[in-house]
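A.B. asks: the sequence and its predicted three-dimensional model are supplied below.
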Amino acid sequence: MSRTSVAHQSDDTPIFGLWVYLMTDCILFASLFATFAVLRNGTFGGPTGAELFSLPFVLTETLILLTSSFTIGLALWAAHQRNKKLVLLWVGVTFLLGAAFLSMELYEFTQLVREGQSWRQNAFLSSFFTLVGTHGLHILAGLVWITILVVQIFHYGLDVAIRRRLTMLSMFWHFLDIIWIFIFTIVYLLGAAT
């Protein structure tokens, strides 16, 4: 095996590792969606999703997160152009949009708990808080990742390793957006329709 092919293999290892992680996360979210599907009618006389969810609020959340997917793509494009200032700008905008999304999610949770609709109320709410909360924890992890990456960009610039990390962050962020589209459709849209 030549030295070039060994170097190429080691360059692909982190990307392959991220793909493996994303596949295991797919399994995690699939099990949470299946649990929610089974328990969504387990309200025990309490309010249903149609009575609890505000679709305009959740649509705003969705638009914010989808916009952040676009901005992380712009950051990746700027990295390929070797434009450090644009990378920092678009990664910063992505961070702000992700933080806004997470703040809205926490606000929704807080309002539900204040109204007496906590995860302890019934099976429906338990599965709702678990599914949506798990996605929120992933967003939080993405925000921490963005913060660490910004520090590394300031320190190291846009070398090959940093661009690879930004590519992996972009893949992770797009994955979270796809999961959110399923949450928006299955939990909120179908929940409001029943």
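C.D. replies: Now that the structure is in, tell me what you want to look at. Numbering: from 1, shown residues only.
A.B. asks: which element is P47 on?
C.D. replies: Using DSSP states H and E, no element contains P47; it sits outside every helix and strand.
A.B. asks: quick check: which element contains the residue lying closest to it once chain neighbours are set aside?
C.D. replies: Distances taken as CB to CB, 6 or more residues apart in numbering place Q117 nearest to P47, at 6.8 Å, with adjacent residues excluded. (C-beta placed from N, C-alpha, C; glycine too.) Using DSSP H and E, Q117 maps to neither a helix nor a strand.
A.B. asks: quick one: residues contacting Q117.
C.D. replies: By CB atoms under 8 Å, 6 or more residues apart in numbering, the residues touching Q117 are 46-47, 52, 125.
A.B. asks: after the helix or strand hosting L22 comes which helix or strand?
C.D. replies: Element membership for L22 (DSSP H and E) is helix 3-39. Under the assignment DSSP H and E, the closest C-terminal helix or strand after helix 3-39 is helix 49-52.
A.B. asks: still on that earlier bit, distance check, the residue nearest to P47 against G136.
C.D. replies: The gap separating Q117 from G136 is 17 Å, by CB to CB, to the nearest Å.
A.B. asks: any weak-confidence spans in the chain?
C.D. replies: 1-11, 194 (pLDDT under 70).
A.B. asks: can you show me the CA trace of stretch 41-61 as CSV?
C.D. replies: Included here for stretch 41-61 are C-alpha records, laid out as CSV according to Å, rounded to 0.1, in the frame of the first residue of the first chain:
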residue,chain,number,x,y,z
ASN,A,41,-53.0,8.6,22.3
GLY,A,42,-52.1,7.8,25.9
THR,A,43,-53.4,11.1,27.3
PHE,A,44,-55.5,9.5,30.1
GLY,A,45,-58.2,12.2,29.6
GLY,A,46,-55.7,15.0,29.4
PRO,A,47,-55.3,17.4,26.5
THR,A,48,-54.1,16.2,23.1
GLY,A,49,-51.5,17.7,20.9
ALA,A,50,-54.2,19.6,19.0
GLU,A,51,-55.1,21.4,22.3
LEU,A,52,-51.5,22.0,23.4
PHE,A,53,-49.4,22.9,20.3
SER,A,54,-49.2,26.3,18.7
LEU,A,55,-48.5,25.6,15.0
PRO,A,56,-47.5,29.2,14.2
PHE,A,57,-44.9,29.1,17.0
VAL,A,58,-43.6,25.7,15.8
LEU,A,59,-43.5,26.8,12.2
THR,A,60,-41.4,29.8,13.3
GLU,A,61,-39.0,27.4,15.0
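A.B. asks: surely T94 touches L176?
C.D. replies: No: between T94 and L176 there is no contact under CB atoms under 8 Å: 11.3 Å.
A.B. asks: now do the residue nearest to P47 against F172, distance only.
C.D. replies: 31 Å.
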